[in-house]
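Trainee: pasting the sequence and the predicted coordinates here, then a few questions.
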Amino acid sequence: QVQLVESGGGLVQPGGSLRLSCAASGSFSSINSMGWYRQAPGKQRELVAAISSGGTPNYADFVKGRFTISRDNAKNTVYLQMNSLKSEDAAVYYCNADWRRFWYSSWLSSWGQGTQVTVSS
């Protein structure tokens, strides 16, 4: 199993910045895509950004130009740099990773516990 531990959430003023981190640990042979999703109260969970094992990013339109996703494969860690934060960015942010136990295993998906991001003056 893979455990994903997020950190870096908190309270920030509109226009401010935060950096989220998510570290994967456990028993696995490889991790494929890693990503960040968010869920605001009363809304469905939505993709914010994802990044392939080779480093190719994919962003939701509403964060393009403001958020940057990156990863450190040696540390099995994915980051989300969030700049120019808006009130509508407030949500619980969840880390997600696709991984497999052995090279011949099926890909599985795991989620972190979530970290709260609050944007308010």
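Mentor: Sure, I can see it.
Trainee: verify the stated contact: residue 92 with residue 39.
Mentor: Yes - counting by CB atoms under 8 Å, residue 92 does reach residue 39; the two are 5.3 Å apart. All C-beta spots, glycine's among them, are computed from the backbone N, C-alpha and C.
Trainee: between the two, which one's more packed in?
Mentor: When residue 92 and residue 39 are compared on other CB atoms under 10 Å, the one with more neighbours turns out to be residue 92, at 17 against 14.
Trainee: name the helix or strand for the more buried one, please.
Mentor: Assigned by DSSP states H and E, residue 92 belongs to strand 91-100.
Trainee: over to residue 6?
Mentor: Applying DSSP H and E, one finds residue 6 within strand 2-7.
Trainee: which SSE is immediately downstream of that strand?
Mentor: Per DSSP H and E, the helix or strand that comes after strand 2-7 is strand 10-12.
Trainee: quick one: list the elements packing against that following strand.
Mentor: strand 115-119 (3 or more CB pairs under 8 Å, 6 or more residues apart in numbering; DSSP states H and E).
Trainee: and the angle from the strand it packs on to strand 2-7?
Mentor: Following axes from the mean of the first three to the mean of the last three CA atoms, to 10 degrees, one obtains 30 degrees for the angle between strand 115-119 and strand 2-7.
Trainee: contacting residues for residue 105?
Mentor: Taking CB atoms under 8 Å, 6 or more residues apart in numbering, we find residue 105 in contact with residue 29.
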